[in-house]
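A.B. asks: Fold the stuff below for me.
(chains A and B)
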2 protein chains.
Amino acid sequence: MRATLMYAAHDIRVEDVADPKIQQPTDAVVRIVLSCVCGSDLWPYKSLEPTDTPRHMGHEFLGVVEETGSGVRTLKPGDVVVAPFVWADNTCAYCREGLQTSCPHGGQWGVNGVDGGQGQAARVPQADGTLVKMPVAEDSDLLPDLLTLSDVLCTGYHAARTAGVRRGDTVTVVGDGAVGLSAVLSARLLGAERIVLMGRHRARTDLGRDFGATDVVAERGDEGVDLVRELTGGEGTRKVLECVGLKDALVQSLGVVRAGGTISRVGAPQYPEVPFGFGDFMRNITLTGGVAPARAYIEELMPHILDGSIRPGRVFDRTVTLEDIADGYRAMNDRESLKVLVRP
Amino acid sequence: MRATLMYAAHDIRVEDVADPKIQQPTDAVVRIVLSCVCGSDLWPYKSLEPTDTPRHMGHEFLGVVEETGSGVRTLKPGDVVVAPFVWADNTCAYCREGLQTSCPHGGQWGVNGVDGGQGQAARVPQADGTLVKMPVAEDSDLLPDLLTLSDVLCTGYHAARTAGVRRGDTVTVVGDGAVGLSAVLSARLLGAERIVLMGRHRARTDLGRDFGATDVVAERGDEGVDLVRELTGGEGTRKVLECVGLKDALVQSLGVVRAGGTISRVGAPQYPEVPFGFGDFMRNITLTGGVAPARAYIEELMPHILDGSIRPGRVFDRTVTLEDIADGYRAMNDRESLKVLVRP
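C.D. replies: Residues are numbered from 1 along each chain as shown, chains lettered A, B, ... in the order given. The predicted structure is shown next:
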């Protein structure tokens, strides 16, 4: 089959790789109908050292079950399914408490002989635990929305949930990328009344307003912090969702969070140390969040997509074929595109 | 009156200062019956540069109301009261949500013309909000226990509360100082079943066992982390109470916290950056805590002292007179003493 490999920064190739086959009784093979490029794919796209053992890319996909191992009980060929961006057994103690990203029997896509999601098909380990069946046909118009359950919507939702967003809250969302916009949508879904979106790309913040942002602050750094404080009676907001992953964004989050408040970070941190010292200690700031256990949220969020009440797939503003995926990476990296759909 | 002044590291003097007088209608003057030296007093004791404007020391005291301003409604001369280590109005939005340390009308002892607690008396601003009346006489044997409501017990309790300690929990407490031991007592009070105390001073960890620690790990660093993990099925504990304030203690806390778990730090951080990067992000670790709003917990904790069910004053293992307080600082700094009572 054809799949996406990264050989170095800016060097994305689509090549022939081995067709996926059932290896364990708990495996399934899924024909991929839709996948996409993640903001986190851009970190190695900017920085990967040239390698002879290229990375198998992609961790967001949905598709149709083609074959199941003898131990798979809840799925059958023909089922339309979505895969979260980490596979897991969904039965262990971590999974039962909703932390599938720490499942000791789970793992990442694209490593240790597991396929990536940006290809024509994938072997799915722990298929019963990993895949979630969806009541739609493979040509449904809802597929782009449902694909966001794989990562980006659940990641934004994880930010809102771990920050404890509730009905009536005022929330700041730092970052107008696809995760930030999904965090806006999620905060709205959880009942936040006022949502301040910090972002400077007009097309993106306009979509953020559609998703529920009530205020947009385009300024960054101290100027942005001052503006958010002005908007919130000088105090900042109790909940801040950090959806970027850069140190500046965390510093900005610390600037806009109210004393006693919570910052949830879901942007994978591209920095080893957090500037979170005596001053923030004196203000009783909590720093939470982390990699989103998407699997934990799929059943909860899917009904809102199926009934049309949310349209998270609006973060996709470009579609490429698998053979043209390198141009999708380029477009996202150049900020020509917010998030790119890939049709194998 | 006599009061404690710090002129430089290791230079503590007891000198005559102005007697406290009512300045605002909301003030009270309290004759101090009992105060003590705090672990946090030792930070400047180790490091303060020589100065001509010495620091007024002390922020933990109880005593008897001598005089009240015309606006004070809930207190009268003769009342026996305890003061939390930050004064506050206890009526503003922050105070009402239990964050008296962020009260915009409050402040610290010993600065901006407010007396310190290590003296014969103190002017107490916002007296109605700050002071809590206690149903005991000024010669009660319970006074050392009640004095812990001023800071150390409430600080340990803040760690346990913000970490979300509940009935049946397994908790690690990092640090066997007076705050760490108070955190053990607090975790037990909240129903923790298993409490692992990390500390290497036998007399202190023995008191920790009396306070409720079920396991003691004397080793530090990686060795200590490995031992705590062994004790907890390889996983570490969901709740970790960091009661030291040094970077090594935080690193140790990150080592023993289970994926999805919470570290609450109440030791004032003596470091500007937290090594809290990608690995901890992938494990969904929460970092919470901060300076304890002692005022928020006094009414809740006092009954346990009055009925004798907890004896937090056992952290005091030495008593000095005010005139001899410099020797009390020295003894604590040399680890001859865990925590020193001061009788003015």
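A.B. asks: And the helices in the stretch 1-150 of chain A?
C.D. replies: The residue ranges that make up the helices of the stretch 1-150 of chain A, judged by DSSP state H, counting those that start in this stretch, are A:42-47, A:93-96, A:127-130, A:143-147.
A.B. asks: Now tell me what touches the second one from outside.
C.D. replies: What it means is helix A:93-96. Helix A:93-96 is contacted by residues A:A88, A:D89, A:Q100, A:S102, A:C103, A:P104, A:G106, A:G129, A:R295, B:A259, B:G260 when judged by Cβ atoms under 8 Å, 6 or more residues apart in numbering or on different chains. Using the backbone N, CA and C atoms, a C-beta is placed for each residue, glycine as well.
A.B. asks: buried residues in it?
C.D. replies: By neighbour count with 16 or more other Cβ atoms under 10 Å in any protein chain shown, helix A:93-96 contains the buried residues A:Y94, A:C95.
A.B. asks: Distance from the chain centre to it, please.
C.D. replies: Average the C-alpha atoms of helix A:93-96, do the same for its chain, and the two points are 21 Å apart (Cα atoms, centre = their mean, to the nearest Å).
A.B. asks: Contacts for stretch A:124-135, please.
C.D. replies: A:24, A:26-30, A:62, A:65, A:68-69, A:71-75, A:79-84, A:87-91, A:95, A:100, A:103, A:105-107, A:114, A:146, A:149, A:295, A:298-299, A:302, A:306.
A.B. asks: Equivalent analysis for stretch A:60-79, please.
C.D. replies: Stretch A:60-79 is contacted from outside by A:22, A:24-36, A:38, A:80-83, A:85, A:117-118, A:121-122, A:127-128, A:131, A:133-134, A:138, A:143, A:146-147, A:150-152, using Cβ under 8 Å, 6+ apart.
A.B. asks: now that we have the contacts of helix A:93-96, which one has the most neighbours?
C.D. replies: Counting neighbours by other Cβ atoms under 10 Å in any protein chain shown, the top entry in those is A:R295, with 29 neighbours.
A.B. asks: and that one, helix, strand or coil?
C.D. replies: The three-state assignment at A:R295 reads helix, by DSSP: H, G, I helix; E, B strand; the rest coil.
A.B. asks: Domain map for chain A?
C.D. replies: Under automatic domain parsing, the residue ranges defining each domain of chain A are A:2-151+A:294-343, A:153-289.
A.B. asks: wait, does stretch A:148-155 contact chain B?
C.D. replies: No. No part of stretch A:148-155 sits close enough to chain B to count as contact by Cβ under 8 Å from any Cβ of the partner chain; the gap is at least 12.0 Å.
A.B. asks: end to end, how far does that stretch reach?
C.D. replies: 9 Å (Cα to Cα, to the nearest Å).
A.B. asks: Over to stretch A:79-92?
C.D. replies: 25 Å.
A.B. asks: What mean pLDDT does that stretch get?
C.D. replies: pLDDT averaged over stretch A:79-92 equals 98, rounded to a whole number.
A.B. asks: ok, and for that stretch, which residues are buried?
C.D. replies: Residues of stretch A:79-92 classed as buried: A:79-90, A:92 (neighbour count, 16+ other Cβ under 10 Å).
A.B. asks: what does stretch A:230-244 give?
C.D. replies: When burial is assessed from 16+ other Cβ under 10 Å, stretch A:230-244 yields the following buried residues: A:L231, A:T232, A:E235, A:G236, A:T237, A:R238, A:K239, A:V240, A:L241, A:E242, A:C243, A:V244.
A.B. asks: Not including adjacent chain positions, what is the nearest residue to the residue in the stretch 1-150 of chain A that chain B sits nearest to?
C.D. replies: Distance from chain B to each residue of the stretch 1-150 of chain A (Cβ to the nearest Cβ) is smallest for A:S102, at 3.9 Å. When the adjacent residues along the chain are set aside, A:S102 lies closest to B:A259, with 3.9 Å between them (Cβ to Cβ, 6 or more residues apart in numbering or on different chains).
A.B. asks: pLDDT score for the one you found?
C.D. replies: Reported pLDDT for B:A259: 98.
A.B. asks: ok, now A:A268?
C.D. replies: pLDDT, A:A268: 89.
A.B. asks: Grab the nearest non-local neighbour of it.
C.D. replies: Leaving aside its sequence neighbours, A:A268 sits nearest to A:G245 (Cβ to Cβ, 6+ apart; 4.9 Å).
A.B. asks: Can you give me the distance of the one you found to A:T288?
C.D. replies: 15 Å (Cβ to Cβ, to the nearest Å).
A.B. asks: same check, this time on A:K133
C.D. replies: For A:K133, the distance to A:T288 equals 31 Å [Cβ to Cβ].
A.B. asks: of those two, who's got more company?
C.D. replies: Comparing A:K133 with A:T288 by neighbour count (other Cβ under 10 Å), the higher total belongs to A:T288, at 21 against 13.
A.B. asks: thinking again about what came up before, widest-spaced pair of the buried residues of stretch A:230-244?
C.D. replies: Across the buried residues of stretch A:230-244, the longest distance by Cβ to Cβ is 22.5 Å; it joins A:E235 and A:V244.
A.B. asks: immediately after whichever strand or helix holds A:T262, which helix or strand?
C.D. replies: With elements taken from DSSP states H and E, the one containing A:T262 is strand A:257-265. Next along the chain after strand A:257-265, taking DSSP H and E as the criterion, comes helix A:278-282.
A.B. asks: what sits up against that next one?
C.D. replies: The contact list for helix A:278-282, computed with Cβ under 8 Å, 6+ apart, reads A:L254, B:T101, B:R265, B:A268, B:P269, B:P272, B:G289, B:G290, B:V291.
A.B. asks: so what's the fourth one up against?
C.D. replies: Spelled out, it's B:A268. Shown in contact with B:A268 (Cβ under 8 Å, 6+ apart): A:F278, A:F281, B:S40, B:W43, B:G245, B:V291.
A.B. asks: Tally up the residues packed near A:P50, please.
C.D. replies: Other residues lying near A:P50 total 9 when counted by other Cβ under 10 Å.
A.B. asks: Can you tell me the closest non-neighbouring residue to it?
C.D. replies: Counting by Cβ to Cβ, 6+ apart, the residue nearest A:P50 is A:A8, at 4.0 Å.
A.B. asks: again, but for A:E273
C.D. replies: Spatially, and ignoring its direct neighbours in sequence, A:E273 is nearest to B:E273 (4.0 Å; Cβ to Cβ, 6+ apart).
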